[in-house]
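> Sequence and computational prediction follow.
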Amino acid sequence: MQKHEINEVLNRHGLRPEKRFGQNFLIDTNILEKVVDAAEISVDDLVIEVGPGLGVLTKQLASRAKHVVSIEIDKKLVSILEHELRGFNNISLIQADAMKTDLRQIIEEVRAAHGIKAVKVAANLPYNITTPFICTCLEQELGIERIVVMIQKEAAERFLAKPGTKAYGAATLTTQCFANTKLVATVPPTCFYPPPDVISAITLFDVLPEPQIPINHRAFVFEIIRAAFSTRRKTLVNCLSRDGFTKPQITAALESIGLDANIRGETLSLEQFIQLAGTLH
């Protein structure tokens, strides 16, 4: 769908793109194909889409998947989508806030009704829910095998960051626990209408068969990680001492795994955080 076609559809319904919902409609078909190809959708798959906009990506997904569940928060857009998607019988359109939607229940119901083989997420994701939505999909262990989303390039850099870099943080480590992350392509603002103020990125999260941190140890490791990044300029000893540990305890734990007492949290890998948490525990 080109810019003039989007304007025609919106004008017909008396609508304009809503900035508060992060509505930037994709108008480049090559980028659409990159998202769908990266998701590796088969005829037995369920695909979850958030923020379908005018349904351009939704149609592409429905042409390959067994069933698509598309979640749209904007009631006004839902009426357009019902018209645009009327030729498809394998799309469930839900008017809801994706962050308040029970994805587990949706997945279970669609699996039971349609004999789904695999569950995937593919979306031009509203930028204002990027990190919480992706982390929710991963942390809840919903049986999702692959997540391919268009997100802000800056957010993609956080998920892909290496220890010691400015972008490295708790979001990096959370996704590393559950998935291998890959940058598929960067996308300029000109591929959207209206064009956003940022460069975008198609980002792939290939979910691991088993998370790197066992569930009975996970909450404690994440507690250590959150504390470590609470004040980036402070040493790990100072950050964790505010979280209930004594400085001698933290220093001894660091030294036992071969780390200096003056080290900062942003230099530790996920494996080192797991070791540190195990020692402190």
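Received, thanks.

> How about Glu49: what's its closest non-neighbour residue?
Spatial nearest neighbour of Glu49, excluding adjacent residues (CB to CB, 6 or more residues apart in numbering): Ser70 at 4.5 Å. C-beta here means a position set from N, CA and C on the backbone, and glycine is covered the same way.

> Which of the three states applies to the one you found?
Using DSSP: H, G, I helix; E, B strand; the rest coil, the three-state assignment for Ser70 comes out as strand.

> burial count for it?
Ser70 has 25 neighbours, counted by other CB atoms under 10 Å.

> just checking, it touches Gln95?
No. Counting by CB atoms under 8 Å, Ser70 stays clear of Gln95, with 10.0 Å between them.

> Now do the contacts for the residue nearest to Glu49.
49-50, 52, 55, 58, 81, 85, 91-94 (CB atoms under 8 Å, 6 or more residues apart in numbering).

> What's opposite it in the beta bridge?
Glu49, Leu93 (DSSP bridges).

> okay, it: pLDDT?
With respect to pLDDT, Ser70 scores 98.

> Just the endpoints, please. Distance across stretch 97-105?
From its first residue to its last, stretch 97-105 covers 15 Å (CA to CA, to the nearest Å).

> I should have written stretch 189-196 there, sorry.
5 Å.

> one step back: please tabulate the contacts of Ser70 in CSV, including the columns distance to Lys100, pLDDT and neighbour count.
Shown next, in CSV, are those (distance: CB to CB, whole Å; pLDDT from 0 to 100; neighbours: other CB atoms under 10 Å):
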residue, distance to Lys100, pLDDT, neighbour count
Glu49, 17, 98, 27
Val50, 12, 97, 26
Pro52, 17, 93, 27
Gly55, 22, 90, 26
Thr58, 21, 96, 24
Leu81, 19, 93, 20
Leu85, 23, 94, 20
Ile91, 21, 98, 23
Ser92, 17, 97, 15
Leu93, 17, 97, 18
Ile94, 11, 97, 15
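
> just for the stretch 1-150 of the chain, where's the confidence low?
1-23 (pLDDT under 70).

> where along the stretch 101-250 of the chain do the helices fall?
Secondary structure of the stretch 101-250 of the chain, counting by DSSP state H, counting those that start in this stretch: helices at 103-114, 130-139, 153-160, 170-178, 215-228, 236-241, 247-256.

> possible to save those as TSV with mean neighbour count and distance to Leu208?
Listed next are the helices of the stretch 101-250 of the chain as TSV, based on neighbours: other CB atoms under 10 Å; distance: least, CB to CB, whole Å:
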stretch	mean neighbour count	distance to Leu208
helix 103-114	14	18
helix 130-139	19	9
helix 153-160	19	14
helix 170-178	22	6
helix 215-228	17	13
helix 236-241	21	26
helix 247-256	16	27
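
> Count residues in the vicinity of Gly244, would you?
Neighbours of Gly244 (other CB under 10 Å): 10.

> ok, back up a step: dump the helices of the stretch 101-250 of the chain into JSON lines; add distance to Asn24 as well.
Shown next, in JSON lines, are the helices of the stretch 101-250 of the chain (distance: least, CB to CB, whole Å):
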{"stretch": "helix 103-114", "distance to Asn24": "23"}
{"stretch": "helix 130-139", "distance to Asn24": "13"}
{"stretch": "helix 153-160", "distance to Asn24": "13"}
{"stretch": "helix 170-178", "distance to Asn24": "22"}
{"stretch": "helix 215-228", "distance to Asn24": "31"}
{"stretch": "helix 236-241", "distance to Asn24": "37"}
{"stretch": "helix 247-256", "distance to Asn24": "45"}
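
> What are the contacting residues of stretch 228-243?
Applying CB under 8 Å, 6+ apart, the contact partners of stretch 228-243 are 169-170, 223-224, 227, 247, 250-251, 254, 261-266, 268, 273, 280.
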